[in-house]
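K.L.:
Quick one: sequence and predicted model below, then my questions.
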Amino acid sequence: MSPRLAQSRRAFVAAWILLAAFLVLRTAGRDRGVITDHIEFGRRLLAGLPLYAPYLDDHPLHPVYPPSFGLLTGPFSWLPERGARIAWGLLQVAALGGVGAFLASMLRRTRPALVAARPLVTHTAFALTMVLGARYVLRDTHGGGGNTINLAFALAAFAAAERGRSGLAAAALGFSLATKPTTAFLLPVLLGLGHTRAALGAGFAAALFAVASLLVQGFEQGLADWGRWFEGALAYAGQTDLFAQPHLELPPFTWMNQSLRCAVARFLGTAPDAYAELVPGYVQGVGFAPETTTLVARTLGVALAAATLLLARRMRATLAGRVQALALGLTAGVLLSPISWKAHHTALLPAFHALAVASLLGSRGAQALGAGYFVLCVAGGGDLVGTAVKEWQQSLYLATFGALALWGWLGRSPSDERGAEDPSAV
């Protein structure tokens, strides 16, 4: 090992330790945040209590989460709250480390000539990935949302499926789906990539985890809570007027929700005054009826989902293509989900990594997209610009358009500028 490489590795390890300590202390030091709700949700599941009863703010506790989410958070309720916060922070750091290890492994396997010629590229690519995803990682780990944990399970499932360990893949993705089903779109993506047993097994495993939550909570109360969750989730997904109060007190509209359907409602519909007044200089959309904006949003969603699955099938011939399809599917999932808050955008980390690698290889398109994304979606965080400007930024749906740009870039053929490895480009 060259002295330069050894020095770089020591610096990378030191930076990682500092980042991990910062994230854990940041999570542990909060006096509120959703981690408090997570602990209470898990405690109620283990105690056989109603999960969605009012909590600190007199609203239902986590109405958007399925009861099986408590399987993940329940053990933390055995600790004092500060200890639980520290433990949750450590789990978040471990998940982020797992994401980084996955990305580094895939880079070594898909571009061995690049890694051999430029050993520092794994460190540099991950650092750039973290820069592009900084706003989302900080948001997720500060609030304790668990989205990075969810992503780590999904990536572990893909890695296991690639090694032919379908049972392990099914268990990992099934647990991810059961605790927070934001990765549901990966099921058809895995099917398209030829990982049929892993995809079908994940659906079965998710059902088993759901049954496990019934057994833990108690059958009668568990059935009542599952029924409530299904009723609320289906109504939320099918809601026509996104600005109206959702059924069963699920999360009301907020400019922070950067899903595709909210962007369509904003630009084609009309926002009520209560929301428009939050945005300085707000300009109303076209003014179509909610039924029209919903039809447009659903048509676009179906088209995006179909195109993603078609592209995934075309990319599955090589490992590089399948990794690209995974990033494409995760990006599409953020756009298609009814809720895509900033913390949910940690699912874009594999897309950011692909962008970082292409930029290091000299792709001008990737460099321009990365720079533009950072300026428009990352650099102007709410802590820097203030609440009013943050709401203005969110009302423009910059993160939504950024995800669409990433999706379009990833959807290009693997044989394009960042696809099949060209040793001469190293």
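P.N.:
Right, received. Where do you want to start?
K.L.:
Let me know whether residue 23 touches residue 90 as I believe.
P.N.:
No - using CB atoms under 8 Å, residue 23 is not in contact with residue 90, being 9.2 Å away. All C-beta spots, glycine's among them, are computed from the backbone N, C-alpha and C.
K.L.:
what's the spacing between stretch 318-325 and its chain's center?
P.N.:
19 Å (CA atoms, centre = their mean, to the nearest Å).
K.L.:
who has more neighbours, residue 23 and residue 90?
P.N.:
Between residue 23 and residue 90, counted using other CB atoms under 10 Å, residue 23 has the larger neighbour count: 21 against 15.
K.L.:
Leaving aside the residues adjacent along the chain, what's closest to the most centrally placed residue in the chain?
P.N.:
Nearest to the geometric centre of the chain sits residue 347, at 3.0 Å (CA atoms, centre = their mean). Spatial nearest neighbour of residue 347, excluding adjacent residues (CB to CB, 6 or more residues apart in numbering): residue 330 at 4.5 Å.
K.L.:
Compute the number of surrounding residues for that neighbour.
P.N.:
For residue 330, the neighbour count with other CB under 10 Å is 28.
K.L.:
need the contact list for it.
P.N.:
151, 154, 183, 186, 347-348, 350-351 (CB atoms under 8 Å, 6 or more residues apart in numbering).
K.L.:
How about residue 319?
P.N.:
Counted by CB under 8 Å, 6+ apart, residue 319 has contacts 106, 109-110, 162.
K.L.:
isn't residue 300 right next to residue 267, touching?
P.N.:
No - using CB under 8 Å, residue 300 makes no contact with residue 267, being 11.8 Å away.
K.L.:
Spell out the residue ranges of the helices in the stretch 151-300 of the chain.
P.N.:
Applying DSSP state H, counting those that start in this stretch to the stretch 151-300 of the chain gives helices spanning 166-179, 186-192, 196-217, 219-237, 260-268, 273-276, 290-315.
K.L.:
Distance to residue 338, mean neighbour count and mean pLDDT added to the ones you listed, as TSV?
P.N.:
Shown next, in TSV, are these (distance: least, CB to CB, whole Å; neighbours: other CB atoms under 10 Å; pLDDT from 0 to 100):
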stretch	distance to residue 338	mean neighbour count	mean pLDDT
helix 166-179	16	23	97
helix 186-192	17	23	97
helix 196-217	18	19	97
helix 219-237	5	16	95
helix 260-268	7	23	98
helix 273-276	17	12	95
helix 290-315	10	17	97
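K.L.:
Including distance to residue 129, could those helices go into CSV?
P.N.:
Listed next are those as CSV, based on distance: least, CB to CB, whole Å:
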stretch, distance to residue 129
helix 166-179, 20
helix 186-192, 19
helix 196-217, 25
helix 219-237, 31
helix 260-268, 23
helix 273-276, 33
helix 290-315, 20
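K.L.:
if we can go back for a sec, mind picking the lowest-pLDDT entry from the contacts of residue 330?
P.N.:
Lowest pLDDT among these: residue 183, with 93.
K.L.:
show me the residues around that one that make contact.
P.N.:
150-151, 153-154, 173, 176-177, 330, 333, 347.
K.L.:
these two touch, right, residue 75 and residue 45?
P.N.:
No - with contact defined as CB under 8 Å, residue 75 does not count as touching residue 45 (10.7 Å).
K.L.:
Those two: which is more packed in?
P.N.:
Legend: neighbour count by other CB under 10 Å for residue 75 and residue 45, higher for residue 45 (26 against 14).
K.L.:
Nearest residue to that one in space, please, no chain neighbours.
P.N.:
Residue 45 sits nearest to residue 70 (CB to CB, 6+ apart), 3.0 Å away.
K.L.:
got the CA positions of the helix or strand harbouring that neighbour in CSV?
P.N.:
Secondary structure from DSSP states H and E places residue 70 in helix 70-73. Extracted C-alpha coordinates of helix 70-73, given in CSV (Å, rounded to 0.1, in the frame of the first residue of the first chain):
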residue,chain,number,x,y,z
GLY,A,70,-43.2,-1.7,16.3
LEU,A,71,-41.2,-4.8,15.8
LEU,A,72,-38.2,-2.6,14.9
THR,A,73,-38.8,0.0,17.6
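K.L.:
Give me the next element, helix or strand, following that helix.
P.N.:
helix 81-110.
K.L.:
that older thread, quick check: the residue nearest to the centre of the chain is in a helix.
P.N.:
Yes - looking at residue 347 with DSSP: H, G, I helix; E, B strand; the rest coil, it is inside a helix.
K.L.:
which residues touch it?
P.N.:
Going by CB under 8 Å, 6+ apart, residue 347 touches 147, 150-151, 154, 182-183, 330-331, 333-334.
K.L.:
Please repeat the previous calculation with a cut-off of 6 Å.
P.N.:
151, 330, 334 (CB atoms under 6 Å, 6 or more residues apart in numbering).
K.L.:
Pipe these into TSV and attach distance to residue 124 per row.
P.N.:
Formatted as TSV, the contacts of residue 347 follow (distance: CB to CB, whole Å):
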residue	distance to residue 124
151	21
330	22
334	25
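K.L.:
What is the nearest of those residues to residue 357?
P.N.:
Nearest to residue 357 among the contacts of residue 347 is residue 330, at 16.1 Å by CB to CB.
K.L.:
In the helix or strand harbouring the closest one, which residues are buried?
P.N.:
Element membership of residue 330, judged by DSSP H and E, is helix 319-336. Neighbour-count burial for helix 319-336, counted by 16 or more other CB atoms under 10 Å, picks out 320-336.
K.L.:
Please look at residue 120 and residue 6 and confirm they touch.
P.N.:
No - look at residue 120 against residue 6 with CB atoms under 6 Å: they stay out of range, at 11.1 Å.
K.L.:
Mind checking which of the two has more residues around it?
P.N.:
A direct count of neighbours by other CB under 10 Å for residue 120 and residue 6 places residue 120 higher, at 16 against 10.
K.L.:
Okay, now the unreliable bits of this protein?
P.N.:
Along the chain, the model assigns pLDDT under 70 to residues 1-2, 5, 29-33, 381-386, 413-426.
K.L.:
Any figure for the gap between residue 287 and residue 297?
P.N.:
Distance of residue 287 to residue 297, computed by CB to CB, to the nearest Å: 16 Å.
K.L.:
correction: residue 52
P.N.:
Residue 52 sits 27 Å away from residue 297, going by CB to CB.
K.L.:
Give me the distance between stretch 372-392 and the centre of its chain.
P.N.:
On CA atoms, centre = their mean, the centre of stretch 372-392 falls 19 Å from the chain's centre.
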